[in-house]
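Trainee: could you look at this predicted model? Sequence included:
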Amino acid sequence: MVKGLKMKFINNQIDKAYAKLRPFPGATLRQLNYYVTPTLLYDSPDTVILHAGCNEINNKNMPCDVIASNIINLANECQKNGVREVAISSLIVRNNYRLNRKAKQVNGLLFEKCKDEGLCFINNDNIDKSHLYKEDGLHLVESGKDILASNFIDFLASSY
């Protein structure tokens with residue numbers, strides 16, 4: 001989902017910070033747990049935006065509360081590894097009714113858990129179905145990527 005974001009554009013928009021993108025396409029939250037710690041140790045970021053959990057909503061056996069808890073656990077792992085500020089980026093809308101409903105439920109749980117845990121929440125509700133490729137109803141077209149990047153920029157600008 002984030003792979004096509006224009007990092008040069010993002011970095012030109014934020015002062016006093018430099019953003020890096022570390023996508024793990026197709027990774028589940030369980031797999032991300034293995035990727036995150038070495039990445040944090042290598043890069044030592046001050047701030048992390050987690051855009052995760054998109055692949056779990058396809059799993060009919062994965063309840064919304066488990067997905068949200070696993071994302072929060074990943075954020076807590078970032079904090080344990082020295083990250084000052086962690087933001088969780090909400091799941092993006094889907095063209096599939098069931099998946100869209102599940103993503104909205106996960107986002108509601110994430111929002112509440114972020115408040116409880118003192119984490120930041122990036123709301124991506126300004127991305128709608130018109131920002132998805134018609135072919136798969138999942139990945140973002142350029143205008144959707146621009147909005148997602150803008151949401152990240154707004155968070156980073158307010159963070160520094």
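Mentor: Okay, I see it.

Trainee: what segments of the chain are strands?
Mentor: Assigned by DSSP state E, the strands in the chain fall at 47-50, 85-89, 120-122.

Trainee: ok, which of these comes nearest D136?
Mentor: Among those, strand 85-89 comes nearest to D136, with 19.8 Å by Cβ to Cβ. Placement of C-beta: from N, CA and C, glycine included.

Trainee: these two touch, right, I92 and A103?
Mentor: Yes. I92 is in contact with A103 according to Cβ atoms under 8 Å; the separation is 7.1 Å.

Trainee: residues that sit against both of the two, list them.
Mentor: Listed contacts common to I92 and A103 are nil; contacts here mean Cβ atoms under 8 Å, 6 or more residues apart in numbering.

Trainee: quick one: list the elements packing against the lengthiest helix in the chain.
Mentor: In the chain, assigned by DSSP state H, the helix with the most residues is helix 97-117. Here helix 97-117 touches helix 64-80, strand 120-122, going by 3 or more Cβ pairs under 8 Å, 6 or more residues apart in numbering; DSSP states H and E.

Trainee: contacts for the longest one next, please.
Mentor: Meaning helix 64-80. For helix 64-80, the external contacting residues (Cβ under 8 Å, 6+ apart) are 29-30, 32-33, 36-37, 40, 48, 50, 52-53, 56-57, 86, 88, 102, 105-106, 109-110, 113-114, 117, 119.

Trainee: quick check on those residues: which are buried?
Mentor: Those of the contacts of helix 64-80 that meet the buried threshold are 29, 32, 36, 40, 48, 50, 52-53, 56-57, 86, 88, 102, 105-106, 109-110, 113-114, 119, by 16 or more other Cβ atoms under 10 Å.

Trainee: next one: the closest residue in space to Y133 that isn't next to it in sequence from V2, what distance?
Mentor: Excluding the flanking residues, the one nearest Y133 by Cβ to Cβ, 6 or more residues apart in numbering is H139, at 5.1 Å. Distance of H139 to V2, given as Cβ to Cβ, to the nearest Å: 11 Å.
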